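Asker: Have a look at this prediction, sequence included:
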Amino acid sequence: MTSDPRPLSPHLQIYRWQLTSVLSILHRASGVWLAAGTILLVWWLGAASDGPEPYARVQAFLGSWLGRILLFGWSVALFYHLCNGVRHLWWDTGRGLDLKSVYAGGWAVLAGTAALTAIAWIAGLANWSH
Amino acid sequence: MATPRLRSPLSRAIGLGSAKEGVEHWWAQRVTALALVPLALWLVIVVIELAGADRTLFVEWVRHPLPAVFLVLLLIATFYHGALGLQVVIEDYVESEGLRFGLLIVMRLAAIVFAARGIFAVLKLSLGA
């Protein structure tokens, strides 16, 4: 088939970045990243059931710099996906779909993600050192 | 509705369009999402409380019925929700039909395997060993 030089819809790099589209992309990206994180969750539970040595290995990995960076990434993704997921559920009730509410909700999601991440890490690190 | 003649009576009775499926995927995604709101927050609190804890403390905690049940529910809801989400991602971005088909099968089987491994670990910890 020969393709006609028909007008195409603009691609991502043509569109101006805006909060709504960025948050939408981040929702999907954080979901994929969290799916990878479930492997860590299962590794942790599996190691705990296998015995003290495997469990100590997981703990050592999570305590390392790489482990902590990965944990931090997963915590941000979890809180973001959670907050934005609630935003989606709210939309599903047919509410908050006007432009002003969509933007207000978007900023609220970012603020919520930052707040929850900060609280979780302050509490977690305080506990970790004990 | 002026075009029902092109559709078979069966197609009209089932009432699905060209997508060949209805609202099940969307609905399951919302229900698992709703379940995961409290479960995920609970997991965060648990991880914070158990941060740096040794295994004895962890095992002692999992032996209580409530944590064990919550962990199993969390694993089921997480892998169900995750498989539904990854399905859409694969369907959207993988153009080759054969590869898409293969990836969907591998992804679903992997979700089931990981969920089963996690649930088995929780049951083993809470019931004995």
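Answerer: Right, received. Where do you want to start?
Asker: SS state for residue A:9?
Answerer: Applying DSSP: H, G, I helix; E, B strand; the rest coil to residue A:9 yields a three-state assignment of coil.
Asker: Near it, how many other residues are there?
Answerer: As a burial measure, residue A:9 scores 6 neighbours (other C-beta atoms under 10 Å in any protein chain shown). For every residue, glycine as well, the C-beta is placed using N, CA and C.
Asker: And it, its phi and psi?
Answerer: When read as degrees, to the nearest 10, the backbone of residue A:9 gives phi -70, psi 150.
Asker: which non-adjacent residue is nearest the most centrally placed residue in chain A?
Answerer: Most central in chain A under C-alpha atoms, centre = their mean is residue A:77, positioned 1.8 Å from the mean C-alpha point. Spatially, and ignoring its direct neighbours in sequence, residue A:77 is nearest to residue A:30 (4.0 Å; C-beta to C-beta, 6 or more residues apart in numbering or on different chains).
Asker: Now do the one you found: how many residues are near it, please.
Answerer: 23.
Asker: swap in the one 4 residues further on?
Answerer: For residue A:34, the number of neighbouring residues by other C-beta under 10 Å comes to 22.
Asker: circling back: the residue nearest to the centre of chain A contacts residue A:34, doesn't it?
Answerer: Yes. Residue A:77 is within contact range of residue A:34, at 5.3 Å (criterion: C-beta atoms under 8 Å).
Asker: per-residue confidence averaged over the helix or strand that residue B:77 is a member of?
Answerer: Assigned by DSSP states H and E, residue B:77 belongs to helix B:65-93. Average pLDDT, helix B:65-93: 97.
Asker: Go through that helix and flag the buried ones.
Answerer: Within helix B:65-93, the residues that count as buried by 16 or more other C-beta atoms under 10 Å in any protein chain shown are B:67-68, B:70-87, B:89-90.
Asker: Of those residues, which fall within the contact range of chain A?
Answerer: Among these, the residues lying close to chain A (C-beta under 8 Å from any C-beta of the partner chain) are B:71, B:75, B:78, B:79, B:82, B:85, B:86, B:89.
Asker: what residues are up against the residue nearest the centre of chain B?
Answerer: Taking C-alpha atoms, centre = their mean, the centroid of chain B lies closest to residue B:80, which sits 1.0 Å from it. Listed by C-beta atoms under 8 Å, 6 or more residues apart in numbering or on different chains, the contact set of residue B:80 reads B:28, B:32, B:111.
Asker: Pick out whichever of these sits closest to chain A.
Answerer: residue B:111 (8.4 Å; C-beta to the nearest C-beta).
Asker: So, low pLDDT: which residues of the chain?
Answerer: Chain wasn't specified; assuming chain A. Residue ranges of chain A with pLDDT under 70: A:1-3, A:129-130.
Asker: wait, I meant chain B there
Answerer: Chain B contains residues with pLDDT under 70 at B:1-4, B:22, B:129.
Asker: Spell out which parts of it neighbour chain A.
Answerer: Counting by C-beta under 8 Å from any C-beta, chain B sits next to chain A at B:30, B:33-34, B:36-37, B:40-41, B:44, B:47-49, B:51-52, B:55, B:58-59, B:62, B:71, B:75, B:78-79, B:82, B:85-86, B:89, B:114-115, B:117-118, B:120-122, B:124-125, B:129.
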